[in-house]
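Asker: Predicted model and sequence follow; I will ask about them next.
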Amino acid sequence: MDAISTDADLHYSDLPPILLAASSDRAMSRAEDAALAAGFRVAARMLIKEARERIEQQVSATAVWVELDADCGEPMDELLEQVSRDVGRGRYSAIVSATADLVDPIAARVESIDLDLIIDANEADRVAAMALAAARRGLPLQLSDVASDNNAERLRQLSEEVSRIASTLARLSTGPGTPVRGLEQLPAGDTPALSAETVRAVIRSRRLRTRYFREELFADPAWDMLLDLLQAEIAQLRVPVSSLCIAAAVPATTALRWLKTLVSQGIFVRRADPHDGRRVFVELAPEASQALRRYFAEVGSVATI
């Protein structure tokens, strides 16, 4: 296995250990490829049903990778809850990689803002997630060609992707993975009336831009999610995590990172579904709702996009 970053004194046993838990053999293969590509040593490979007990017995690990391509029910729920707790306590870094249809049951169990969720991830997404996990543990980044592919262009692109992630960690202080400015306390007063149709019109106008320009030029997931939740609040509708990710108009992985940050800052509130323990709803915090309504009252008939 050829490494892009080499060290004559580096041995396999010196590489940071990672535990892999997967829902199928195919999922395990994808997780292992990503781990080796990022320069990790695979310390254990586990099925979802046995992973919880195995992780509890592990003395130490740099990271845990959970790869899900199917709903494993209660064992999956219990594992996700444990990993979320462990990450919150700083025991290890963790990444959960899953398909889009599993967003709601995963979001219902994962609360730690430091646990990375990647949805329908490609190879670059996986290597980048591993790089971030390594960076959080203060480890050097390495990249290997796990597929034995001699395509130099592919290796160069992967190497540049990991380098980009490492070099921009400092800039994440203004991004979705770090604290943002909280809501200011507004003076008491009546909340201005606002119709759902007004908010829907703004949302439609934002989507209309993509007819004329590339969608990525206008990516603003926080604002799109705020508008979607405001519209739902006025219409007295509940919004599950999966629906909010769609409203964000960005890849689900990015939307979930913003969602975690906005919840942690008290702008969004998670509510358990009383009829389904594997789903949570998201709504605006009262202060956020009031701020949005006053904003619309101030701008009046001016185009709000």
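Answerer: Thanks, I have the structure now. Numbers count the residues shown, from 1 in each chain.
Asker: R278 versus the residue nearest to D228 when sequence neighbours are not counted, what's the distance?
Answerer: Closest residue to D228 apart from its sequence neighbours, by Cβ to Cβ, 6 or more residues apart in numbering: A247 at 3.7 Å. Placement of C-beta: from N, CA and C, glycine included. A247 sits 21 Å away from R278, taking Cβ to Cβ, to the nearest Å as the criterion.
Asker: cool, E215 as well?
Answerer: Distance from E215 to R278, counting by Cβ to Cβ: 31 Å.
Asker: Look at the two and report which has more neighbours.
Answerer: It is R278, of E215 and R278, that has more neighbours when counted by other Cβ atoms under 10 Å, with 18 against 11.
Asker: doesn't D77 make contact with the more buried one?
Answerer: Yes - using Cβ atoms under 8 Å, R278 is in contact with D77, at 6.9 Å.
Asker: before we move on, the earlier item: contacting residues for the residue nearest to D228?
Answerer: A247 makes contacts with 224-225, 227-228, 239, as judged by Cβ atoms under 8 Å, 6 or more residues apart in numbering.
Asker: burial of R109, as a residue count?
Answerer: 19.
Asker: er, I246 I mean
Answerer: I246, neighbours per other Cβ under 10 Å, totals 15.
Asker: which SS state does it fall under?
Answerer: helix (DSSP: H, G, I helix; E, B strand; the rest coil).
Asker: if we can go back for a sec, can you check the pLDDT for the residue nearest to D228?
Answerer: In this model, A247 is scored at 94, pLDDT.
Asker: C-terminal to the helix or strand bottoming out on mean pLDDT in the chain, what's the next element?
Answerer: Least confident helix or strand of the chain, by mean pLDDT, DSSP states H and E, is helix 152-167 with a mean of 47. The helix or strand immediately downstream of helix 152-167 is helix 196-208, counting by DSSP states H and E.
Asker: Give me the distance from that next one to the chain's centre.
Answerer: Per Cα atoms, centre = their mean, to the nearest Å, the displacement of helix 196-208 from the mean C-alpha position of its chain is 26 Å.
Asker: Now that helix: average pLDDT?
Answerer: Helix 196-208 shows a mean pLDDT of 88.
Asker: let's number from 130 now, not from 1
Answerer: Okay, residue one is now 130; in that scheme the one you just asked about reads as helix 325-337.
Asker: these two touch, right, F397 and V411?
Answerer: Yes - applying Cβ under 8 Å, one finds F397 in contact with V411, separated by 5.3 Å.
Asker: Now for these two: what residues contact both?
Answerer: Contacts common to F397 and V411, judged by Cβ under 8 Å, 6+ apart, are 358, 388.
Asker: Reduced to three states, what does the closest residue to R174 other than its chain neighbours come out as?
Answerer: Excluding the flanking residues, the one nearest R174 by Cβ to Cβ, 6+ apart is L149, at 5.0 Å. Using three-state DSSP, the structure places L149 in strand.
Asker: distance of L149 from R183?
Answerer: Taking Cβ to Cβ, one finds L149 at 10 Å from R183.
Asker: more neighbours, those two?
Answerer: The neighbour count for L149 versus R183, taken as other Cβ under 10 Å, is higher for L149 (24 against 16).
Asker: Identify, from the contacts of A376, the entry nearest to I224.
Answerer: Taking Cβ to Cβ as the measure, M354 is the one of the contacts of A376 closest to I224, at 22.6 Å.
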